[in-house]
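# okay, structure incoming, though there's no sequence with it:
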Ligand SMILES: [Zn+2]
Ligand SMILES: [Zn+2]
């Protein structure tokens, strides 16, 4: 399985519009972050988790030639806004895009992209085939995804485990029974917004502490704010097994 980090930034991305802070002014490519998303390539399938506002740019930058499914974590705009651009894959692959989302997320998609769900569709609108995510394992081809329930303040969000890889974004609370589903993962990706407390995201400290308990072989931090600090400097403060992800980072799992 290959995982490509298409975006590792929080909702505003980095640089933030009109911000002149040290991080937003940094010339290090690792300090430039599009909105959060990953591409999973496994068993011949190409799957993205979330399609935020930078989806088009991410598909171009990573030269993605095939996309089999979009899997959503939750309905916030920074995770769904780019869905319209799956049209390119509709045309190329000559089929509807398989979209996996909870019924709550589907309600938002139907509001946000109402024109894609009309009885009589305007020509050229995105063609979407919705599949409902519950708590049960589901399969995309030979790829098995286990949904894990996490909380983003009070909003339910799905994390996903695929084999020994777990991807968690937009969380700040995970119940014990859900943690059990994560245990044993060799690689964990988890959100770490900044150092100061936040109402709906793990802080750096909280993410590190949770990773110390879960003990994966390797962990990557994502959904990073410009307030976290410069990639290079914050990386030095972390245990060896934890790496701050950056856009374009690719990892291979066996
Ligand atoms: Zn988010
Ligand atoms: Zn969110």
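Structure received. Predicted model only: the values in this text are computed from it and were never measured. Ligands and ions are numbered 1, 2, ... in the order given.

# find the nearest non-adjacent residue to the residue most central in space within the chain, please.
With distances taken as CA atoms, centre = their mean, residue 37 lies nearest the centre of the chain, 3.6 Å away. Nearest non-adjacent residue to residue 37, counting by CB to CB, 6 or more residues apart in numbering: residue 6, 4.2 Å away. Heads up, the C-betas are built off the backbone N, CA and C, glycines and all.

# related to what we said a few turns ago, any idea what the residue nearest to the centre of the chain is bridged to?
Beta bridges link residue 37 to residue 7, judged by DSSP bridges.

# my read: it touches residue 50, true?
Yes - counting by CB atoms under 8 Å, residue 50 is a contact partner of residue 37 at 4.8 Å.

# and stretch 219-238, anywhere near ligand 2?
No - shown here: stretch 219-238 not in contact with ligand 2 (CB under 5 Å from the ion), separated by at least 8.2 Å.

# and that stretch, how far from the chain's centre?
17 Å (CA atoms, centre = their mean, to the nearest Å).

# same deal with stretch 232-245?
20 Å.

# mind listing what's buried in that stretch?
For stretch 232-245, burial by neighbour count (16 or more other CB atoms under 10 Å) applies to 234, 238, 242, 243, 244, 245.

# state the helix or strand in which the closest residue in space to residue 168 that isn't next to it in sequence lies.
Using CB to CB, 6+ apart and skipping the chain neighbours, the partner closest in space to residue 168 is residue 159 (4.0 Å). In the assignment (DSSP states H and E), residue 159 maps to strand 155-162.

# what's the model's confidence in that strand, averaged?
On average, the pLDDT along strand 155-162 is 98.
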